[in-house]
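Enquirer: below are the sequence and a predicted model; questions follow.
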Amino acid sequence: MNQDEMKRRAAQAALDYVEGGIIGVGTGSTVNHFIDLLAGIKGRIDGAVSSSEASTARLTRHGIAVFDLNAVGELSLYVDGADESNHRLQLIKGGGGALTREKIIADASQRFVCIADDSKLVDTLGRFPLPVEVIPMARGHVARQLVKLGGTPVWREGFVTDNGNLILDVRHLSIEDPLAIEQQINAIPGVVTVGLFARRPADVLILGGPDGTKTLTAA
């Protein structure tokens, strides 16, 4: 079974958590499966809050209304993918560059259901380069501070976030204490946010694999 089908299995399982109202929807290849499957039960919800322009376009094509978070307040459910998860459901996100909006919606949601294929579960975060969204004028300054933390930042050239900012992908970090690293990087002037979801981890992690899905919950 290919990886894409495993992602689709995880997305299918996440539909069980959709109970109505307006839900938060993330960004990425696994979430694209979720949006396509959500279209089949769109009568069950009032609409969605989206973390990216790409997801907004996909939801709209399926006839699912997209709302501004400011207009709806707290959400009961947020469904999104991840680039990595540890066993405490702390995540690295932002491979698609939507980390800031994803973090805002996750924080505004009562339940965060993360969907991924089973290769995303790791013992220690950091094999996947850690995305950091930065204000353009601060790119060099932030990069130097990230080097001091032991990382190797690489500018994601040719990419601009939906917020008009840049991404530094930080390699060679072994993230033993995700919460501490999240706080350290967020404290650097010029950082918009870092793609560590440790202060607000997932509540549920659904992993698609060749034998079906496995569900982990936060301790």
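Expert: All right, it came through fine.

Enquirer: tell me which residues in stretch 183-192 are buried?
Expert: 184-185, 188, 190-192 (16 or more other CB atoms under 10 Å). For the C-beta atoms, the positions are set from N, CA and C on the backbone; glycine is no exception.

Enquirer: ends of that stretch, how far apart?
Expert: Terminal residues of stretch 183-192 are spaced 12 Å apart (CA to CA, to the nearest Å).

Enquirer: list of residues touching it?
Expert: Stretch 183-192 has contacts (CB atoms under 8 Å, 6 or more residues apart in numbering) with 100, 132-135, 137-139, 141-142, 145-146, 149, 163, 165, 193-194, 196, 199.

Enquirer: mind running it again at 6 Å?
Expert: With contacts defined as CB atoms under 6 Å, 6 or more residues apart in numbering, stretch 183-192 is touched by 100, 133-135, 138, 141-142, 145, 165, 194.

Enquirer: swap in stretch 143-159?
Expert: By CB under 6 Å, 6+ apart, stretch 143-159 touches 97, 167-173, 188.

Enquirer: just to revisit the earlier point, mark which of the contacts of stretch 183-192 are buried, thanks.
Expert: Buried, going by 16+ other CB under 10 Å: 100, 133-135, 138, 142, 145, 165, 194, out of those.

Enquirer: in helices, which of these fall?
Expert: Residues from the buried ones among the contacts of stretch 183-192 lying in helices, with DSSP state H as the criterion: 100, 142, 145.

Enquirer: turn the residues you listed into TSV, including distance to Gly20 and pLDDT.
Expert: Formatted as TSV, those follow (distance: CB to CB, whole Å; pLDDT from 0 to 100):
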residue	distance to Gly20	pLDDT
Thr100	27	97
Val142	41	98
Gln145	44	98
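
Enquirer: residue boundaries of the strands in the chain?
Expert: 22-25, 47-50, 75-80, 84-85, 91-92, 109-117, 130-134, 152-155, 166-171, 191-194, 196-197, 204-209, 212-217 (DSSP state E).

Enquirer: just name the most buried of those strands.
Expert: Comparing the strands of the chain by mean neighbour count (mean count of other CB atoms under 10 Å), strand 196-197 comes out on top with a mean of 30.

Enquirer: and that strand, what does it pack onto?
Expert: With contacts taken as 3 or more CB pairs under 6 Å, 6 or more residues apart in numbering; DSSP states H and E, strand 196-197 sits against no other helix or strand.

Enquirer: return the list of strands paired to that strand, each annotated with direction.
Expert: Looking at strand 196-197 with DSSP bridges, its partner strands are strand 91-92 (antiparallel).

Enquirer: domains in this protein, as residue ranges please.
Expert: As given by automatic domain parsing, the domain ranges for the chain are 3-121+199-217, 130-195.

Enquirer: chain center to the first one, what's the gap?
Expert: What that stands for is domain 3-121+199-217. 8 Å (CA atoms, centre = their mean, to the nearest Å).
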